[in-house]
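Enquirer: how does the following fold in three dimensions:
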Amino acid sequence: MKDRSKLTTEQRNPRSRGIDEKSALEIVDVICAEDALIAPAVAKEHKHVAAAADVVADCLGGGGRLFYVGAGTSGRLGVLDASECPPTFGTPPSMVQGIIAGGRRALVRSIEGAEDRAEDGAGAIDAKGVTARDVVVGIATCGLTPFVLGALRRARKLRARTVFITCSAEVAGRPGVDIVINPVVGPEVVTGSTRMKAGTATKLVLNAITTTAMIRLGKVYDNLMVDLTATNEKLRDRSERIVMELAGVGCRKARRLLAEAGGEVKVALVMRFRGVSLTRAARILKQADRSLRKAIEGKPSG
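Expert: Residues are numbered from 1 along each chain as shown. Below is the predicted model:
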């Protein structure tokens with residue numbers, strides 16, 4: 001598509017015309033009114049988001065990896081979501097990774113020209129050693145970013161599963177990927193500033209994909225993050241409260257259980273519920289595919 005003015009993300013928003021003449025309160029009211037359109041747009045894509053989460057869960061469960069690929073805001077959001085998986089779900093850093101055009105420097109400084117080379121996107125996929133076991137999620141709110149499209153094409157050739165997230169309906173069918181997620185949030189308050197509504201929609205989609213996938217992989221019990229990595233005081237406190245609530249014990253007992261379990265919430269709970277040693281609890285968890293529910297209820301894996 002040569003005429004980018006036809007893209008939803010590049011069109012002018014009639015509801016924000018004359019915004020430069022408004023007061024701060026009026027400007028914020030316009031922004032808030034536009035932001036209210038985001039969640040419904042994402043909700044309309046719920047079947048595609050769920051399908052993507054299933055693909056991610058299947059790939060990660062089979063020993064594969066998830067790669068987000070993007071440029072600018074889209075790339076930073078992918079890196080952000082990837083970086084939040086280890087502390088939240090106890091995943092190794094290699095399991096979910098973000099690839100941003102321009103590399104690490106682009107995380108803190110705009111390198112806009114980095115997105116224009118499709119071959120760089122393909123090269124980034126090769127550098128990560130992507131295989132058919134992996135899933136690659138390309139993020140391009142405008143739908144035309146060469147770096148992202150090049151990465152997706154290369155991933156397809158390698159037989160990896162592919163997902164495309166865009167906020168432009170005009171190009172949603174172009175990449176030829178397995179799943180397209182297309183929340184159309186409409187033109188931005190400031191024309192073309194996709195760090196706003198499109199960026200927020202992207203964050204919601206990424207949250208839903210990884211959270212759903214991790215729940216399916218047994219990293220959440222009820223609605224508690226039982227696979228968290230307690231790397232700071234806040235998360236250590238959360239670990240204790242989770243053990244207290246699920247095991248029905250006091251703070252001192254919870255701390256003792258966690259100490260005996262090497263800080264692992266799941267192991268501590270299996271020890272408590274099954275009345276077994278650390279070694280036995282770890283073995284039970286492994287046999288239950290690390291699912292706490294299966295482990296404490298004595299259900300076989302599979």
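
Enquirer: do you know the pLDDT at G176?
Expert: For G176, the pLDDT comes out at 88.

Enquirer: list the contacts of it.
Expert: Counting by Cβ atoms under 8 Å, 6 or more residues apart in numbering, G176 makes contact with R156. The C-beta positions use only the backbone N, C-alpha and C, and glycine is treated the same way.

Enquirer: excluding its backbone neighbours, what's nearest the residue nearest the centre of the chain?
Expert: Per Cα atoms, centre = their mean, the C-alpha nearest to the average position across the chain is that of L206, at 3.6 Å. In space, and not counting its chain neighbours, L206 is closest to D81: 4.2 Å by Cβ to Cβ, 6 or more residues apart in numbering.

Enquirer: then R293?
Expert: That would be Y221: by Cβ to Cβ, 6+ apart, it lies 6.0 Å from R293.

Enquirer: low-scoring stretches of the stretch 101-250 of the chain, by residue?
Expert: 112, 172-173 (pLDDT under 70).

Enquirer: please enumerate the helices of it.
Expert: In the stretch 101-250 of the chain, the segments counted as helices under DSSP state H, counting those that start in this stretch are 118-127, 146-157, 197-216, 233-247.

Enquirer: ok and the very next helix or strand once past the last one relative to helix 233-247, angle-wise?
Expert: By that I understand helix 233-247. Next in sequence after helix 233-247, counting helices and strands by DSSP states H and E, comes helix 251-260. Going by axes from the mean of the first three to the mean of the last three Cα atoms, to 10 degrees, helix 251-260 is angled at 110 degrees with respect to helix 233-247.

Enquirer: what is helix 251-260 packed up against?
Expert: With contacts defined as 3 or more Cβ pairs under 8 Å, 6 or more residues apart in numbering; DSSP states H and E, the packing partners of helix 251-260 are helix 233-247, helix 265-274.

Enquirer: any chance of the ones you listed in TSV, plus mean neighbour count and distance to S193?
Expert: Output for the helices and strands packed on helix 251-260, formatted as TSV (neighbours: other Cβ atoms under 10 Å; distance: least, Cβ to Cβ, whole Å):
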stretch	mean neighbour count	distance to S193
helix 233-247	17	33
helix 265-274	23	41
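
Enquirer: can you list these in JSON lines and add distance to G103?
Expert: Formatted as JSON lines, these follow (distance: least, Cβ to Cβ, whole Å):
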{"stretch": "helix 233-247", "distance to G103": "29"}
{"stretch": "helix 265-274", "distance to G103": "35"}
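
Enquirer: thank you kindly, that will do.
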